[in-house]
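Student: here is my input; please provide its structure:
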Amino acid sequence: MENHSTRDTSDQTSGTGAEPQTITFDALPGILRQACDRAGWTKLMPVQEKAIPLLLDDRDVMVQARTGSGKTGAFVLPLLDKLDPDLAQCQALVMVPTRELARQVADEARMLSGERGIGVVAVYGGVGYKEQLDAFREGAHLVVGTPGRILDHLVRRNLTLDHLKALIFDEADRMLSVGFYPDMVEVKRYLPRSLRGAFMFSATFPQSVLRLAEEFMHKPEFLSLSSEETNISAIAHQFVEVPAMGKERKLIKLIELENPTSAIIFSNTKRNVEFTAALLAQFGFDAEGLTSDLTQAKRESLMARIKAGKLRFLVATDVAARGIDIPELSHVFMLEPPEDPESYVHRAGRTGRAGATGTAITLVDVIQRMELERIAARFSIHFEEIKDPTDEDVAKIIEERLTALLEKKFRKLTNLERERAARFLSLACKYADNEESLGLLAMLLDELYQNALHGKRAAEPAGGTQPAPARESRTERGDNESSREGRRRGRGKKNGSPEGERPLKTEQDREKGQGQDMARSTPRVADADRNQDAPDRGQTRERKPVSRTEGHNDPDNNDKPHKSRRSRRGKRKADTPGDEPKAMVGQTDKTSRQEEREWNGAEDIESSQPAAQEDTKPVSRPRPRRRRRKKPSSGA
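Tutor: Numbering: from 1, shown residues only. Reported below is the predicted structural model:
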């Protein structure tokens, strides 16, 4: 009778503006009333009055209810009416985020079922398999557990879901926060296609929970306990009262509990922004600070990283955060209320955009709490106070996440990989029994946890490999004939070599065009110049220069080109070493203009070289190559 009336009015759930159909305590079926008597209930709670009719009618329902609202009884009571005690198979599956909640739901289900003979088993990670396997063999009608361990039993064929009648997600938002989404998607592969009736309970419905509902439900109905909570795309405004000192440490605990996909952390001062960003980065989070002191290039780089999903946490001031529009930003944290009340609206408005949901959490002390109350009164914002996170709270949630992560990695191991891992069982037992060695195990677990949940995201291109740099053309490099010639002839230059360039090709041609007399008179000086330009052409050995005249021994003449023998006939010898030889009368007439032009080019080349030493040292020259002699013919 109740089912018929519910079917007629079930479309009037919240979201349509009409009050949904409810059921009273006296209208419950006999089996459900007996269960309430065993629990000592004399009336139903609001979530039970509204949810039980929908669940009895096998509708896909999303129920917004918080912890302590009686939601466990809201889905356990309808299950008692659906389960068949004579069929020793899993008929109802309840997935929860933590082992504590699994034990709590299983205990309440056993108490409500009484003597009906319905088997209830709680399965979760971190414990042995024996008790859970024994419960499956005896016949577990209702299975309550974490998605990771449930998937493990499904893979091992210890559990089958062929006779499943109901699927319940309890605290779906927390399950996604723990990181169970991949396991939940894998569980879907083992569900029967004929399943009708999926129920989801969650305190909030962010975009991730809505996507999860699309995976498992078909046109679900939304049920909320109050009209102001029916907007599933609203921003959840929360605050936590903490001491004035050490807010940054509390922020780390909140991040661990909330596990946001991405977040902006606001502070009123640049100094606090820099300190908070450095603290988060040293702790292992992917965080950067954004202040007005940053250059425009650095600011654009940070914004591009966080918009592309390559930066998880951005710490900023109000001035620096102007104009920021980040899609799918899940959280906004405020280390203190803003100095300007209008700024709170802009801060919180960074999340919850484009129909998505978001959470804005403010950390306040006693005095700042009064400032937040004035902001709430001015803008009609309802703030929810959350519990100050403790080390125990963080340890519990980390334990759940790490257990799920380890079980997931272990499931993917091959037989050979498991055989290889078995080599360390004895060592792990020794470490576990020794208190001093426990720190080593904790270090390894911490490294695995940080890399899996808080590691920096890869910045590789979509292809997975870095693109090869484009090769510059000769025109872009500014190459010409002379520069290429200089690179070819300057290879292998040592550190102690002169910095001057080699003679250009045109100058070399001009030098080669000199007469035979000049080539015979200046062989050693030319060799010295070549050795000075390219000292790497071979090991040089000291040789005393052989001069035909005394003027060749003059150090001042070593850096000057020697003229041909014909041009030197009219010159007299120097009176003393070091004096310049004076030209005789009529010498200019004997020197041709073409010869002067040839030597002017050579002097320009040598002027770019370092000056010769004052002391008279022998000029080194490269060792001449030995020519191979042809072997005499056999007939010789």
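Student: what's the neighbour count on residue 448?
Tutor: Residue 448 has 14 neighbours, counted by other Cβ atoms under 10 Å. (Each C-beta comes from the backbone N, C-alpha and C, glycine too.)
Student: which outside residues touch whichever helix or strand it is part of?
Tutor: Residue 448 belongs to helix 438-449 when assigned by DSSP states H and E. The contact list for helix 438-449 (Cβ atoms under 8 Å, 6 or more residues apart in numbering) reads 398, 401-402, 405-406, 428, 431-432.
Student: same thing but at 7 Å, please
Tutor: 398, 402, 431 (Cβ atoms under 7 Å, 6 or more residues apart in numbering).
Student: got a list of what the second one touches?
Tutor: Going back to what we said before, that points to residue 402. So residue 402 contacts 445, 449 (Cβ under 7 Å, 6+ apart).
Student: I'd like the numbering to begin with 24 instead of 1 from here.
Tutor: Okay, using 24 as the starting number, the last item reads as residue 425.
Student: quick revisit: out of the contacts of helix 461-472, which are inside strands?
Tutor: Among these, no member is found in strands (DSSP state E).
Student: and which of these is nearest to residue 241?
Tutor: Distances from residue 241 to the contacts of helix 461-472, taken as Cβ to Cβ, are shortest for residue 425 (34.4 Å).
Student: residue 293 and residue 138: what is the separation?
Tutor: 68 Å (Cβ to Cβ, to the nearest Å).
Student: so between the two, which is more surrounded?
Tutor: Neighbour count, other Cβ under 10 Å: between residue 293 and residue 138, residue 293 has more, with 17 against 7.
Student: can you tell me, leaving aside adjacent residues, what's nearest to that one?
Tutor: Among residues not flanking residue 293 along the chain, residue 314 sits closest, at 4.5 Å (Cβ to Cβ, 6 or more residues apart in numbering).
Student: need the pLDDT of residue 328.
Tutor: At residue 328, the model reports a pLDDT of 82.
Student: ok, the one 10 residues further on next?
Tutor: In the predicted model, residue 338 carries a pLDDT score of 92.
Student: could you do the one 10 residues further on as well?
Tutor: We have a pLDDT of 66 for residue 348.
Student: check residue 78 too.
Tutor: Reading off the model, residue 78 has pLDDT 85.
Student: mind listing what it touches?
Tutor: Here residue 78 is in contact with 84, 98, 101, 222 (Cβ under 7 Å, 6+ apart).
Student: shouldn't the first one be in contact with residue 244?
Tutor: Yes: between residue 84 and residue 244 there is a contact at 5.2 Å, judged by Cβ atoms under 7 Å.
Student: any common contacting residues for these two?
Tutor: residue 77.
Student: now stretch 133-151: buried residues?
Tutor: Judged by neighbour count using 16 or more other Cβ atoms under 10 Å, the buried positions of stretch 133-151 are 133, 135-136, 141-148.
Student: okay, now the residue lying closest to residue 241 once chain neighbours are set aside: neighbour count?
Tutor: What sits nearest to residue 241 in space, not counting adjacent residues and going by Cβ to Cβ, 6+ apart, is residue 83, at 5.8 Å. Residues near residue 83, counting by other Cβ under 10 Å, number 18.
Student: ok, residue 412 next?
Tutor: Other residues close to residue 412 by other Cβ under 10 Å number 21.
Student: how about residue 466?
Tutor: Count around residue 466 with other Cβ under 10 Å applied: 10.
Student: next secondary structure element downstream of the worst-scoring helix or strand of the chain on mean pLDDT?
Tutor: Every helix and strand of the chain was ranked by mean pLDDT, DSSP states H and E. The lowest is helix 25-32, at a mean of 35. Downstream of helix 25-32, the first helix or strand assigned by DSSP H and E is helix 53-62.
Student: could you name the helices and strands sitting against that next one?
Tutor: helix 94-105, helix 122-136 (3 or more Cβ pairs under 7 Å, 6 or more residues apart in numbering; DSSP states H and E).
Student: list the neighbouring strands of the helix or strand just after the shortest one plus their orientation.
Tutor: When you say that, I think you mean helix 94-105. Downstream of helix 94-105, the next assigned helix or strand under DSSP H and E is strand 115-118. Strand 115-118 pairs in its sheet with strand 165-168 (parallel), strand 189-193 (parallel), by DSSP bridges.
Student: which of the buried residues of stretch 133-151 sits closest to residue 232?
Tutor: When the buried residues of stretch 133-151 are compared against residue 232 (criterion: Cβ to Cβ), the nearest one is residue 147, at 21.5 Å.
Student: apart from its neighbours in sequence, what residue is nearest the closest one?
Tutor: Residue 147 sits nearest to residue 122 (Cβ to Cβ, 6+ apart), 3.8 Å away.
Student: next, count neighbours for the one you found.
Tutor: Neighbours around residue 122, by other Cβ under 10 Å: 21.
Student: show the contacting residues for it.
Tutor: Here residue 122 is in contact with 147, 149, 169, 423 (criterion: Cβ under 7 Å, 6+ apart).
Student: make sure the second one is indeed in a strand.
Tutor: No: remark: residue 149 does not belong to a strand; assigned using DSSP: H, G, I helix; E, B strand; the rest coil, it is coil.
Student: measure the residue lying closest to it once chain neighbours are set aside to residue 308 for me?
Tutor: Residue nearest to residue 149 in three dimensions, not counting chain neighbours: residue 426, with 4.9 Å by Cβ to Cβ, 6+ apart. With the distance defined as Cβ to Cβ, residue 426 ends up 22 Å from residue 308.
Student: and for residue 445?
Tutor: In terms of Cβ to Cβ, residue 445 sits 35 Å off from residue 308.
Student: do residue 109 as well
Tutor: From residue 109 to residue 308 the distance is 54 Å (Cβ to Cβ).
Student: compare these two (neighbour count), which wins?
Tutor: residue 308 (20 against 7).
Student: show the backbone phi and psi for the more buried one.
Tutor: phi -80, psi 150 (degrees, to the nearest 10).
Student: thought it was touching residue 336?
Tutor: Yes: between residue 308 and residue 336 there is a contact at 5.6 Å, judged by Cβ under 7 Å.
Student: closest to residue 68 among the buried residues of stretch 133-151?
Tutor: Nearest to residue 68 out of these is residue 135 (Cβ to Cβ; 14.0 Å).
Student: so the closest one makes contact with residue 104?
Tutor: No: applying Cβ under 7 Å as the test, residue 135 and residue 104 come out as separate, 11.3 Å apart.
Student: mean confidence for stretch 154-162?
Tutor: The model assigns stretch 154-162 a mean pLDDT of 89.
Student: wait, what's in contact with residue 155?
Tutor: Counted by Cβ under 7 Å, 6+ apart, residue 155 has contacts 144, 146.
Student: can you tell me how far it sits from residue 79?
Tutor: Applying Cβ to Cβ to residue 155 and residue 79 gives a distance of 30 Å.
Student: got any ranges where the stretch 174-323 of the chain has weak pLDDT?
Tutor: Low-confidence segments of the stretch 174-323 of the chain, defined by pLDDT under 70: 248-257.
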